[in-house]
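Trainee: Dropping the sequence and predicted coords here.
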Amino acid sequence: MSLSRLIVQNLRNLLSVDIEPSPDVNLIFGKNGSGKTSILEAIHVLSLGRSFRGHKFKALINEHHPAMTVFGRVDDSGGDIPIGVSRSRSGDATFKAHGQAVGSLAELAGLLPLQVINADAFLLLEGSPSVRRQFLDWLVFHVEPGFFSTWKAAQRCLKQRNTILRRDRIEGSELQVWERELVAVSERMASMRLRAFEAFSEVFHQLIDEFVMAEGLTLSLYRGWEKDKGYAEVLSETLERDSRLGFTGSGVHRCDIRIRIKGHAAADVLSRGQQKLLVCAMKITQGVVFAKLTDRRCIYLVDDLPAELDEEHRQLLVDWLHKLETQVFITGVEQDALLQPWHQKPDREIKLFHVEQGKIVE
Ligand SMILES: Nc1ncnc2c1ncn2[C@@H]1O[C@H](COP(=O)(O)OP(=O)(O)OP(=O)(O)O)[C@@H](O)[C@H]1O
């Protein structure tokens, strides 16, 4: 799967961009502030309706224009799929695929699966559990067809339970109805997450054997409640505390991946560079597992590759990306530094794009 055409209008400083990316490797270089990251953001908008730099889409719209548009063509085994997103300052949004409005953003995400590697990547280790939960759910969403609807059902049940908990008098029968449904969807969601996590762990441990620093590294999945208890039991045990606090303290909304090295949180032990490398390994693993389980490839957006990685590890990351045989978009300031790790890979079609003040030239 690859993006064969990208047209961007009025996104940040990109007023009018029209490129035909390589299905393999796309290297984007230019000075600071020229618009390199904005190109990656445009691809992200096409997949998820928003940027990876925060949720405020208005900041994405060029300051002199009322709306922005991104259009792309995706080459997949199912054929050539046109997709488009436009958003206006007044809040109007249009998401289209195959020439028709899409029912939900999940549909777009399914058409254009993406992984982003950028300066925020280390948040996967240092950030809150929600960052790791989203990371895992990306894989679960793409490999477990019923996950999205189960996730939505769990959100709805949790919201209902919390509303009941906040009432002065709790109606037992109403609570029971919602709890029964909550338990069913939560157990289903936890099994889906566990299956994806196990597939992830297996590949991850093979991949990180290439690092010295991985000695003693363990990954474990916390599903959101105690290991040896059913969720129904946990809900009944915590009812009093939950009703005092007015929300459900345990459940799938508390799921986390615990990443530890010899018993310590990885973020407390590893250097910044090592953290970035570990996160790169996790992101590459996602692509490997995704390919293995779906027979499709996801696209990689790598913003400013050289930052914080030494030459040897930059090469390692490029080798992994190369082995994945996936489409990649990589930005950097220096053309030579971007090209250098790809010199040994003559079998890949490399396209080089120069960005200057929002204009892009192949
Ligand atoms: N809404 C907007 N309207 C117009 N221009 C904007 C808007 N938002 C950001 N910009 C400008 O667009 C440019 C986009 O920068 P971008 O982050 O894509 O650059 P970059 O080439 O990735 O830079 P760096 O190498 O510093 O990361 C910047 O010059 C920024 O000031």
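Mentor: Good, I have the coordinates.

Trainee: Who are the contact partners of the nearest residue to Glu325 once chain neighbours are set aside?
Mentor: Using Cβ to Cβ, 6 or more residues apart in numbering and skipping the chain neighbours, the partner closest in space to Glu325 is Arg297 (6.8 Å). All C-beta spots, glycine's among them, are computed from the backbone N, C-alpha and C. If you count contacts by Cβ atoms under 8 Å, 6 or more residues apart in numbering, Arg297 has them with Met1, Ser2, Gly287, Phe290, Ala291, Leu324, Glu325, Thr326, Gln327.

Trainee: What pLDDT is listed against Arg297?
Mentor: Arg297 carries a pLDDT value of 93.

Trainee: how far does stretch 139-149 stretch from start to finish?
Mentor: Using Cα to Cα, to the nearest Å, the end-to-end distance of stretch 139-149 comes to 15 Å.

Trainee: Pull the distance from that stretch to the chain's centre.
Mentor: Distance of stretch 139-149 from its chain centroid, counting by Cα atoms, centre = their mean, to the nearest Å, is 13 Å.

Trainee: and if you look at stretch 132-146?
Mentor: That offset, for stretch 132-146, works out to 9 Å (Cα atoms, centre = their mean).

Trainee: Show me what the mean pLDDT comes to for that stretch.
Mentor: 95.

Trainee: List the buried residues for that stretch?
Mentor: Arg132, Arg133, Phe135, Leu136, Asp137, Trp138, Leu139, Val140, Phe141, His142, Val143, Glu144 (16 or more other Cβ atoms under 10 Å).

Trainee: what do you get for stretch 334-345?
Mentor: If you call a residue buried by 16+ other Cβ under 10 Å, then stretch 334-345 has these buried ones: Leu338, Pro341, Trp342.

Trainee: And the residue in the stretch 51-200 of the chain positioned nearest to the ligand, how close does it get to Arg50?
Mentor: Nearest residue of the stretch 51-200 of the chain to the ligand: Glu63, at 3.8 Å (Cβ to the nearest ligand atom). Glu63 is 18 Å from Arg50, where distance means Cβ to Cβ, to the nearest Å.

Trainee: just to revisit the earlier point, where does the residue nearest to Glu325 land in three-state SS?
Mentor: Classification of Arg297 using DSSP: H, G, I helix; E, B strand; the rest coil returns coil.

Trainee: What residues does the stretch 1-150 of the chain have near the ligand?
Mentor: 12-13, 30, 32-38, 59, 61-63 (Cβ under 6 Å from any ligand atom).

Trainee: any low-confidence regions in the stretch 101-250 of the chain?
Mentor: 210-214 (pLDDT under 70).

Trainee: now the helices for it?
Mentor: Under the criterion DSSP state H, counting those that start in this stretch, helices of the stretch 101-250 of the chain are mapped to 105-111, 123-126, 129-143, 147-165, 172-208, 231-245.

Trainee: who wins for proximity to Gly84 among the ones you listed?
Mentor: The closest of the helices of the stretch 101-250 of the chain to Gly84 is helix 105-111. By Cβ to Cβ, the value is 9.6 Å.

Trainee: in the closest one, what counts as buried?
Mentor: So, applying 16+ other Cβ under 10 Å, buried residues of helix 105-111: Leu108, Ala109, Gly110, Leu111.

Trainee: I'd guessed the second one sits against Arg50; true?
Mentor: No - no contact is recorded between Ala109 and Arg50 when judged using Cβ atoms under 8 Å, the distance being 10.9 Å.

Trainee: What count of nearby residues applies to the spatially closest residue to Glu187 that is not a sequence neighbour?
Mentor: Spatial nearest neighbour of Glu187, excluding adjacent residues (Cβ to Cβ, 6+ apart): Tyr231 at 5.9 Å. With neighbours defined by other Cβ atoms under 10 Å, the count for Tyr231 comes to 22.

Trainee: go on, Ala93?
Mentor: Residues contacting Ala93 under the criterion other Cβ under 10 Å number 13.

Trainee: Please name the bridge partners of it.
Mentor: Taking DSSP bridges as the rule, Ala93 bridges to Arg87.

Trainee: related to what we said a few turns ago, dump the helices of the stretch 101-250 of the chain into JSON lines; add distance to Leu219 as well.
Mentor: JSON lines is the format used below for those (distance: least, Cβ to Cβ, whole Å):
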{"stretch": "helix 105-111", "distance to Leu219": "24"}
{"stretch": "helix 123-126", "distance to Leu219": "11"}
{"stretch": "helix 129-143", "distance to Leu219": "10"}
{"stretch": "helix 147-165", "distance to Leu219": "20"}
{"stretch": "helix 172-208", "distance to Leu219": "5"}
{"stretch": "helix 231-245", "distance to Leu219": "22"}
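
Trainee: Quick one, which of the ones you listed gets closest to Asp303.
Mentor: Nearest of the helices of the stretch 101-250 of the chain to Asp303, taken as Cβ to Cβ: helix 123-126 at 13.7 Å.

Trainee: buried residues in that closest one?
Mentor: The neighbour-count check on helix 123-126 (16+ other Cβ under 10 Å) flags Leu123, Leu124, Leu125 as buried.

Trainee: Let me see the contact set for the residue nearest to Glu187.
Mentor: Shown in contact with Tyr231 (Cβ under 8 Å, 6+ apart): Leu182, Val183, Ser186, Glu187, Ala190, Trp225, Ser250, Gly251.

Trainee: ditto for Cys298
Mentor: Met1, Pro113, Leu114, Gln115, His142, Gln286, Gly287, Phe290, Ala291, Thr326 are the contacts of Cys298 under Cβ under 8 Å, 6+ apart.

Trainee: For the closest residue to Phe247 other than its chain neighbours, which residues are in contact?
Mentor: Nearest residue to Phe247, sequence neighbours excluded (Cβ to Cβ, 6+ apart): Asn162, at 4.9 Å. Residues in contact with Asn162 (Cβ under 8 Å, 6+ apart) are Gly246, Phe247, Thr248.
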